[in-house]
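Asker: here is my input, please return the structure:
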Amino acid sequence: HQASETGARNANRVHNSGGTTDIDIEALLTICFLDGLPAAGVSALSSEIKSSPRLVKQSEYFARDVLGTLRCYQKELPTTQLTRFLLSLINFHLFVYSMRLMNWVIGVSGGNGSGQTPEFFLDCTGERGSFSDELARGCVERDLEAIERYMRASLRLRTLDRFLTLIPTLKAGLPDREENTGEYLNRLLALAGEVRLQAKADQEFEQICAENGLNMDEDSEEREVTEAAAYLRDLRDSTDLDSIDRLVRALFEAQRKSAMKNMTGWFYSVSGFDRPYGIMSGNTRGARRVARYTLSNELLSTLVHVALANYGGEVDGRRVPAVRLPLKEFLNWMEERYGLLIAKPPASETSAEAVEAARRNLEAIKVRLRQIGVFENLSDDFDAQYIQRPMQVSREVT
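Answerer: Got it, this is the predicted structure:
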């Protein structure tokens with residue numbers, strides 16, 4: 001209230017030594033609010049993070065997009081709009097990075113290198129029950145199923161790493177875990193059959209069985225056993241599992257319910273589920289729980305600005321965004337950089353229905369781009385269709 005009165009008295013003008021400068025009411029209220037806060041001390045914060053990012057290329061995309069957006073639009077967009085763009089962009093990058101890292105861990109654990117790069121088909125039609133909607137839902141279901149594989153892979157790697165710390169002679173020959181993570185994990189998995197590691201796994205598995213009322217030296221067939229003990233007995237009697245696999249399954253089953261709940265909650269959170277800047281929408285309550293990958297107008301507008309900044313150039317020592325960009329190139333950029341699919345179905349879908357759904361999805365995003373004022377259509381030819389830089393009011397407050 002006091003800030004509003006102050007703003008009214010100043011009549012939206014700020015005085016300085018050189019005269020008077022116009023300022024919008026939002027910025028003025030922000031300044032008045034900050035003036036009312038006590039001064040805070042300034043101190044340096046030391047960072048203890050020493051490890052490099054696991055996905056270097058994706059991390060570079062993250063940094064370039066954020067810095068490029070700031071450099072191009074810091075003096076051209078209102079602060080609130082630029083802040084919303086950064087919120088959408090950072091949340092979106094965290095999602096893409098997290099999903100690619102999860103698939104990287106699954107790939108390393110499965111022995112197929114970096115694993116598959118996930119594709120995200122985004123439904124832009126908004127037609128529930130359409131084939132485009134089904135493709136977007138299928139991608140979400142695929143990623144939900146991948147969560148359990150990631151948890152098992154991660155638990156196996158952590159277990160081997162924990163055992164290895166107890167045997168310094170084995171760990172001494174491995175590459176540095178922080179500087180060469182991929183090679184370290186590959187070598188770690190290659191040691192899984194080592195006798196001392198298998199013996200350690202047997203020892204821990206026996207302790208788990210004992211704590212659950214299953215005596216490894218006695219036959220438990222004739223006495224009642226708990227559900228956990230019965231599960232452990234089946235694991236013990238299985239001939240298809242080695243000691244490490246047997247232990248990992250027991251550990252995973254012990255924390256399955258809480259771990260899956262936490263990981264699923266993380267998945268919906270990092271995707272920005274049902275938020276204006278998110279990449280997923282749907283319903284997680286009730287009998288029919290569905291979710292699909294979508295592209296909100298806020299996220300779409302953010303990606304348009306980021307793409308134009310990425311294809312921009314330097315003018316008088318200042319970074320400026322591109323004036324326009326071919327729509328085809330924009331779609332290819334989103335696919336290569338983030339794995340987003342709009343005009344073509346996922347690689348696993350090759351049916352005529354999937355191709356037609358992608359075609360309809362392409363037409364739908366053109367409508368969306370036209371609605372936010374960034375679509376330029378010179379003809380029906382796909383090669384003559386562009387996204388263009390929207391007109392922005394440049395403002396500078398002295």
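Asker: can you map out the helices along the stretch 251-398 of the chain?
Answerer: 297-310, 327-338, 352-371 (DSSP state H, counting those that start in this stretch).
Asker: sorry, that was for the stretch 51-200 of the chain
Answerer: Going by DSSP H, counting those that start in this stretch, the stretch 51-200 of the chain shows helices at 56-73, 79-110, 131-165, 168-171, 181-190, 195-211.
Asker: and A322, which of these is closest to it?
Answerer: A322 sits nearest to helix 56-73 of all the helices of the stretch 51-200 of the chain, at 9.5 Å, using CB to CB. The way it works is simple: take the backbone N, C-alpha and C, and place the C-beta from them, glycine included.
Asker: could I get the average pLDDT for the closest one?
Answerer: The average pLDDT within helix 56-73 is 92.
Asker: can you redo the helices of the stretch 251-398 of the chain as a markdown table with distance to K261, mean neighbour count and mean pLDDT?
Answerer: What follows is those, written out as a markdown table (distance: least, CB to CB, whole Å; neighbours: other CB atoms under 10 Å; pLDDT from 0 to 100):
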| stretch | distance to K261 | mean neighbour count | mean pLDDT |
| --- | --- | --- | --- |
| helix 297-310 | 27 | 22 | 94 |
| helix 327-338 | 28 | 18 | 94 |
| helix 352-371 | 33 | 16 | 94 |
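Asker: look up how far F375 lies from the closest residue to K344 other than its chain neighbours.
Answerer: Leaving aside its sequence neighbours, K344 sits nearest to A358 (CB to CB, 6 or more residues apart in numbering; 5.0 Å). Distance, A358 to F375, by CB to CB, to the nearest Å: 18 Å.
Asker: check contacts around I106.
Answerer: G115, A146, R149, Y150, A153 (CB atoms under 8 Å, 6 or more residues apart in numbering).
Asker: redo the helices of the stretch 251-398 of the chain as CSV? Include distance to R128.
Answerer: As requested, those are exported to CSV (distance: least, CB to CB, whole Å):
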stretch, distance to R128
helix 297-310, 18
helix 327-338, 24
helix 352-371, 13
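Asker: where does pLDDT dip in this protein?
Answerer: 1-21, 37, 39-51, 111-116, 215-225, 284-288, 391-398 (pLDDT under 70).
Asker: gap between the residue most central in space within it and L340?
Answerer: The chain has F95 as the residue nearest its centroid, 1.2 Å off, counting by CA atoms, centre = their mean. F95 sits 11 Å away from L340, taking CB to CB as the criterion.
Asker: quick revisit: so for A259, which of the helices of the stretch 51-200 of the chain sits nearest?
Answerer: helix 131-165 (5.9 Å).
Asker: give the buried residues for the closest one.
Answerer: Buried residues in helix 131-165, defined by neighbour count with 16 or more other CB atoms under 10 Å: 131-140, 143, 146-147, 150-157, 159-160, 163-164.
Asker: closest one to G272 among the helices of the stretch 51-200 of the chain?
Answerer: helix 79-110 (5.2 Å).
Asker: L144 and L82: what is the separation?
Answerer: Distance from L144 to L82, by CB to CB: 34 Å.
Asker: re earlier: among the helices of the stretch 251-398 of the chain, which is nearest E119?
Answerer: Using CB to CB, the nearest of those to E119 is helix 327-338, at 8.1 Å.
Asker: and that closest one, what does it pack against?
Answerer: helix 297-310, strand 385-388 (3 or more CB pairs under 8 Å, 6 or more residues apart in numbering; DSSP states H and E).
Asker: quick one: that helix to helix 352-371, angle?
Answerer: 110 degrees (axes from the mean of the first three to the mean of the last three CA atoms, to 10 degrees).
Asker: can you give me the angle helix 327-338 makes with helix 56-73?
Answerer: 130 degrees.
Asker: pull the number of nearby residues for R389.
Answerer: Applying other CB atoms under 10 Å, we find 19 residues neighbouring R389.
Asker: ok, now which ones touch it?
Answerer: L308, P321, A322, V323, R324, V374.
Asker: so the second one makes contact with Y73?
Answerer: Yes - with contact defined as CB atoms under 8 Å, P321 and Y73 form a contacting pair (7.4 Å).
Asker: can you give the contact residues for stretch 97-105?
Answerer: Outside stretch 97-105, the residues that reach it (CB under 8 Å, 6+ apart) are 54-55, 58-59, 62, 114-118, 120, 143, 146-147, 150, 153-154, 157, 270, 339.
Asker: no further queries at this time; thank you.
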